[in-house]
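1. The following block contains a protein sequence and its predicted model.
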Amino acid sequence: MTEPSVKRENPDSQKPAESSTHSKRQMIVAPCAPKLRYTPLKTGLCYDVRMRYHAKIFTSYFEYIDPHPEDPRRIYRIYKILAENGLITDPMLSGIDDIGDLMLKIPVREATSQEVLEVHSKEHLEFIESVTKMSHDELLKSTETGDSVYFNNDSSSSAKLSCGGAIEACKAVVEGRVKNAFAVVRPPGHHSEPESAGGFCLFSNVAVASKNILRNYPESVRRIMILDWDIHHGNGTQKAFYDDDRVLYISLHRFELGKYYPGTAQGHYDKTGEGKGEGFNCNITWPVGGVGDAEYMWAFEQVVMPMSREFRPDLVIISAGFDAADGDTIGQCHVSPSCYGHMTHMLKSLANGNLCVVLEGGYNLDAIARSALSVAKVLIGEPPEELLDPVKDPKPEAIEIINKVIRLQSKYWKCFQRRHGNSGCTFEKHMTESISTDNFPLQSAIRQQQFSALSKEFGFVKFPLFEMKLSDDTVICSPEVYNKDTIIILVRDTPEIWAKRDVIQGTIDPSASIITDAALAFIKWAMERNYGVIDVNIPQSLFEQDNYSAMITAQEVMSFMWDNYIRFFGSASKIAFVGVGDACSGIVHLLGHRDTRSKVKSVINFIAQKTLKPLIPLVDETLGDWYFKNSLVFSDKNHACWGDNENENKKPRKKFGRVLRCNSDGLTNIIEERFEEATDFMLDSFEEWSESD
């Protein structure tokens, strides 16, 4: 008899049943590969040691110990710092193909003649190719006659490799082989115009690359944005696309009234493109040196990013010059590596991340390496490092120029019209002071109100200016001013307006706006002391970009008044000038072109953030010393003449007068702050004293 089978409990017997139960449940989401295009890809890198063969021929020992700024080591130092930080692997720094897991080597090739000719003339291409066979003396002659360029027998090959590297880097991004790319190439390109080399540049690398991408990828790339943050204006790149609406070119550069290289009018902020390209060119022109993180971040937040988001590019190319970096003696600016990282990070948000960085300038080897490393880290996927001083205010000159750019570009871009435009007024209609016109200049209304009030309270009358084609209330004066012994001559801009602004329409609410005429205190003070008063108002022109005409008008008015009236005032022996704003230029010009010392005893100028006006003594060289001893020039606390905060001991030169730094900013504030000091100074010059003394 067999023993009956007994079913025993197995502790693991439940697992198959449990698994079976799970297998019978309905699947909600099937396992799948990550649906990501961008993240798994590497960052592309273009680098080739052959681009270092382009070098200046040394003609002296001095050139050997102090090499040309466009040094072949520029790209080597960038490549080296990438290896030192583990972004690439190349122990011998020889430019091997397999450079690790983070970056993908993009092979560099020479640009073809067909590619170069899309931007440059045949004559220019043939000249660059001809340097290959030039003799030593011919190379030196071409270097001497060129515009800040040099040549050797390898220059043509290096220039074609640099140009071809930029093309291949952009192609790799557009074709999706890399998520973004960094073309570490030289010689740079953005100064090279279609017909000529210039500014260390032989071929316009970014322009050639952009032209070729637009031609070869018409379905996927219809619009390209080029952001040029090199400290110099990219005149060559701008010229290549000035009439092309497919390319938005934005350049941030030092301009300084055209005195900074390349020093052409095409770098001015009012150059916005022509033909189909009108509105697709934007120059952000720093009027001073020493700009840094605060100014560049402000420009990006206020102009670059709103404009580029509205443009919606399919590819973004950075003309990445690092000569605005802190430590670069040519750029003399203070952009930090972290700021370059932040700007790159913002631009990565455009065009689905299709971004190519192409090296331009940058001449301090340490600064260019650190800056490029920060950019490369962000390209790979690292967040940018924190800014050194995120709460630092931009320079007033930078805020002013950015506001001018926004006002100008609001003609073309909705993003600026919403914030800064006046949708009901184009400023194109003819403006007159007649009540019959639609557009009445506010400056005229303010002056009419000033004259009405001063006439009613103090009996002011109009001072005649024959044949000057100015409003008859430009100059007004107290009664019988010509018989006064002491006269205060006030020369001023139109007073400030504090207004509540409609953020949608860009208009101001007149019911919530006031005129702040702080200079009126000088008139009241003078009238209380029974002085004569002449009040000169120099309005600025709405249609002049930088109001140079207003300063010229101030000079002409003051010279006319002195020559035809004031010097003949027999009773006047004690005259003091008080200048406010840009109108101060009229006073300074008069003092340098006429010897007024027999009557003029003191000069008070309130310039706020306006440019200092130097006295140029054309009559007598001692006028400069006299002006310094007998003037007070009050500036804003943050005026550019005081330099950066670390240079507290900087003082303006004596030719600008005795310049004093106020504790506040703005004309109204500094007049209120220094009014008593100014009036006491005038009393001392008159050998009178205030009651408090």
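-> Looks like it came in fine.

2. pLDDT (mean, whole number) over stretch 622-632?
-> Mean pLDDT, computed over stretch 622-632, is 95.

3. Now do it: everything it contacts.
-> Outside stretch 622-632, the residues that touch it by Cβ atoms under 8 Å, 6 or more residues apart in numbering are 588, 591-592, 595, 597, 600-605, 615, 617, 654-655, 657-658, 660, 674, 677-678, 681, 685. For the C-beta atoms, the positions are set from N, CA and C on the backbone; glycine is no exception.

4. Please convert the buried members of those residues into ChimeraX selection syntax.
-> In ChimeraX, this line selects whichever of the contacts of stretch 622-632 come out buried by 16 or more other Cβ atoms under 10 Å:
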select :588,591,592,595,600,601,602,603,604,605,615,617,655,657,658,674,678,681,685
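
5. Out of the contacts of stretch 622-632, which sit inside strands?
-> Cross-referencing the contacts of stretch 622-632 against strands under DSSP state E gives 600-605, 660.

6. possible to save the residues you listed as CSV with distance to Tyr565 and pLDDT?
-> Listed next are these as CSV, based on distance: Cβ to Cβ, whole Å; pLDDT from 0 to 100:
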residue, distance to Tyr565, pLDDT
Val600, 14, 97
Lys601, 18, 97
Ser602, 20, 97
Val603, 19, 98
Ile604, 21, 98
Asn605, 22, 97
Leu660, 31, 96
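
7. Name the next helix or strand following the helix or strand containing Ser452 along the chain.
-> Assigned by DSSP states H and E, Ser452 belongs to helix 442-458. Following helix 442-458 in sequence order, the next helix or strand is strand 461-462 (DSSP H and E).

8. Who are the packing partners of that next one?
-> Contacts defined by 3 or more Cβ pairs under 8 Å, 6 or more residues apart in numbering; DSSP states H and E place strand 461-462 against strand 475-477.

9. and the strand it packs on, which strands flank it?
-> Using DSSP bridges, strand 475-477 pairs in its sheet with strand 461-462 (antiparallel), strand 532-537 (antiparallel).

10. tell me the most buried of those?
-> Burial of those is given as mean neighbour count (mean count of other Cβ atoms under 10 Å); strand 532-537 ranks first at a mean of 25.

11. Run through who's touching that strand.
-> Around strand 532-537, the neighbours that count as contacts under Cβ under 8 Å, 6+ apart are 447, 450, 454, 458, 460, 463, 473-478, 480-484, 486-494, 523, 526-527, 554, 557-558, 561, 572, 583, 586.

12. Sort out which of those are buried, if you could.
-> For the contacts of strand 532-537, buried by 16+ other Cβ under 10 Å: 447, 450, 454, 458, 460, 463, 473-478, 481, 484, 486-494, 523, 526-527, 554, 557-558, 561, 572, 583, 586.

13. what sits against Glu70?
-> Contacts for Glu70 (Cβ under 8 Å, 6+ apart) come out as 56, 150, 186-188, 200, 361, 363.

14. Please confirm that it is located within a strand.
-> No. With DSSP: H, G, I helix; E, B strand; the rest coil as the criterion, Glu70 is assigned coil and is not in a strand.

15. any idea how far Gln332 is from it?
-> Look at Glu70 and Gln332: by Cβ to Cβ, to the nearest Å, they are 17 Å apart.

16. didn't Asp99 look like it was pressed against Leu45?
-> Just so we're on the same page, residue 99 is Ile rather than Asp. Yes. Using Cβ atoms under 8 Å, Ile99 makes contact with Leu45 at a distance of 6.7 Å.

17. Keeping just the C-alphas, turn stretch 292-303 into CSV.
-> Coordinates of each C-alpha in stretch 292-303 appear next as CSV, following Å, rounded to 0.1, in the frame of the first residue of the first chain:
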residue,chain,number,x,y,z
GLY,A,292,31.0,94.2,-16.8
ASP,A,293,28.5,91.7,-15.7
ALA,A,294,25.8,94.1,-14.6
GLU,A,295,25.7,95.9,-18.0
TYR,A,296,25.8,92.7,-20.1
MET,A,297,23.1,91.0,-18.0
TRP,A,298,20.9,94.1,-18.3
ALA,A,299,21.4,94.2,-22.0
PHE,A,300,20.5,90.5,-22.3
GLU,A,301,17.4,90.8,-20.1
GLN,A,302,16.1,94.0,-21.6
VAL,A,303,17.0,93.6,-25.3
